[in-house]
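*Asks:* Below is the sequence, then the predicted model.
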Amino acid sequence: MDNIKKLIDSSIEAEKNWRSADHFIYVLYPAIKDEKLLLRSLENLYKGLVMAITTVLKLEYIHNKIELSKDQKKNLEIFFRKCALKYGMIESDLELLKKVIILGKKHKESGFEFPRNGRVVIMDDEGNTLTLSMDEMKKYLEVVRKLIINVKKQLNDG
């Protein structure tokens, strides 16, 4: 029971991060028009997504549905391969979730980011770039919200 309470707390924290990201995109960004807000939103969305995925993995592990590894990459593969469909994700959702993870990691590692034409360009040490726009963030927000809602539903039903 204590484990489930921790998972519920974790899902609440994931939702708080999602709400913060949503606020940056739908309230602050239209008023301020600063592309840096896209990055702040991405940070919160990435945190919320990681928490939601961690909650799913722990819940499935508690119910003996999966085995977890000490390797985060393997656990992420397990989420996408074995768990995501159970939580209402379809193939296109999975691609968007993977993009959020990639963008979140690249943003953390990036030494150079700059605004360009309403987008943010994230550059890695090798000079490779990724871009992030308001429209993309809205799609990412939608799919992460869907996952968080389904995680909460599983926790309430489980």
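*Replies:* Ah, there it is. Residues are numbered from 1 along each chain as shown.

*Asks:* any weak-confidence spans in the protein?
*Replies:* 1, 158 (pLDDT under 70).

*Asks:* Correct me if wrong: residue 37 contacts residue 27.
*Replies:* No - with contacts counted by C-beta atoms under 8 Å, residue 37 stays clear of residue 27, the gap being 9.8 Å. Any C-beta I mention is one placed from the backbone N, CA and C, and that applies to glycine too.

*Asks:* Between those two, which is the more surrounded one?
*Replies:* Neighbours were counted for residue 37 and for residue 27 using other C-beta atoms under 10 Å; residue 37 has more, 21 against 11.

*Asks:* Tell me which residues touch the more buried one, please.
*Replies:* Counting by C-beta atoms under 8 Å, 6 or more residues apart in numbering, residue 37 touches 24-25, 28-29.

*Asks:* From those, list the buried ones, please.
*Replies:* Applying 16 or more other C-beta atoms under 10 Å to the contacts of residue 37, the neighbour count classes 24-25, 29 as buried.

*Asks:* Can you name the next helix or strand after the helix or strand where residue 58 lies?
*Replies:* Applying DSSP states H and E as the criterion places residue 58 in helix 36-62. Scanning forward in sequence from helix 36-62 by DSSP H and E, the next helix or strand is helix 72-78.
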